[in-house]
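Enquirer: Provided below are the primary sequence and the corresponding predicted coordinates.
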Amino acid sequence: MTTQNVILVGVDGSGGSNAAIRYAAAEAERSGAGLRLVHVTPDYLPIASVYPLTVPFSERDLEATGNEILADAAKLAGRLLDPSHVTTALVWGERGPSLLEAAEGAALVVLGEDERGLLERIAVGSTVAHVAAHATVPVVAVHVGWMPTARDRVVVGIKCLDPLPVDVLRGALRVASDRKASLEIAFVWEMPGIYDDFLLSAIDFDAMGRQVETDLRTGAASLFAEFPDVRVDVRTGHGQPARVLRDESDRADLLVIARRAHAFPVGHFGSTGRALLRESRCPVEVLPVSETKPTGSDSDRRQRPQE
């Protein structure tokens, strides 16, 4: 089994972690990939940084706890997938950077929803958002309590047609094809609220939607032809992108977005993406940086869609 044929799952014993294992096991069964469960044990004790304390547990205690978490995760994965396809690893360090290092070369990273409170996430940051913002491979965020659905529908969000986000669309089409699902391309646009009255009175939104769909199907015709088995629907929406895509996610098996590509070298994960990691009602797959290229260019990396 090659590294490129492994799905990595970050596990910590939480409900979000268990949901991530269920999602990753389903993906591994679909693709024939192996499952690698990784738990990160802290290699420092921040409680001792302000005032010298005698810590009532040792490195051995931390290691034992980490191994117990991994054993429980492996039991769950083994009930969903051939146990011979499941491996585990205990690593030491900061959670985000350690997961990024472990993810190098993997086909996919799957993480459970961050269950810490908002104030704690503000103080120390979200592990899921950190990994999604910096990983060189696709990252899927799975909410607590996720269970497999059978909607047979993938949604990808885009916000421009010129230039056409070819890699984003190709990735989403590939995902839909793998799942034998339809693909909804959600074209979402927004203007400042002070213009709403003008827009509502001056723009024929139905006509605009028809024009967007025509332009998209014309510009991406050769791309759609690569995946003749995928039914493609186009929807246009005016509003706050995170809110529109959150509502679309309620009827989907997977929402695909991508980091912005214009912040060298790793792109930028903006407020829309972070909001969707928290609020999406289905798993969210975040693509690494995707260059926008003219239609017809060939990029066969395992990539998928846009913020």
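Expert: That came through fine. Numbering: from 1, shown residues only.
Enquirer: Can you tell me what sits against the helix or strand hosting Ala89?
Expert: Ala89 is located in strand 86-92, with elements delineated by DSSP states H and E. Outside strand 86-92, the residues within contact range by C-beta atoms under 8 Å, 6 or more residues apart in numbering are 34-43, 63, 66-67, 70-71, 73-74, 77-78, 98, 101-102. C-beta here means a position set from N, CA and C on the backbone, and glycine is covered the same way.
Enquirer: residue ranges for the helices of the stretch 151-300 of the chain, please.
Expert: Secondary structure of the stretch 151-300 of the chain (DSSP state H, counting those that start in this stretch): helices located at 166-179, 196-202, 205-219, 221-225, 241-249, 271-279.
Enquirer: Between those, which has the poorest mean confidence score?
Expert: Set side by side, the helices of the stretch 151-300 of the chain give their lowest mean pLDDT on helix 196-202, at a mean of 65.
Enquirer: Do a quick rundown of the strands in this structure.
Expert: Ranges of strands within the chain are 6-10, 34-41, 86-92, 108-112, 139-142, 153-158, 182-189, 232-238, 254-258, 284-287, based on DSSP state E.
Enquirer: that older thread, could you dump the strand holding Ala89 to PDB, C-alpha only?
Expert: Written as PDB, here are the backbone C-alpha positions of strand 86-92 (Å, rounded to 0.1, in the frame of the first residue of the first chain):
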ATOM      1  CA  VAL A  86      -6.200   0.100   9.200                       C
ATOM      2  CA  THR A  87      -2.900   1.300  10.800                       C
ATOM      3  CA  THR A  88      -2.300   3.700  13.700                       C
ATOM      4  CA  ALA A  89       0.400   6.200  14.700                       C
ATOM      5  CA  LEU A  90       1.100   8.100  17.900                       C
ATOM      6  CA  VAL A  91       3.000  11.300  17.300                       C
ATOM      7  CA  TRP A  92       4.200  14.100  19.600                       C
END
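Enquirer: Nice, that's everything, thank you.
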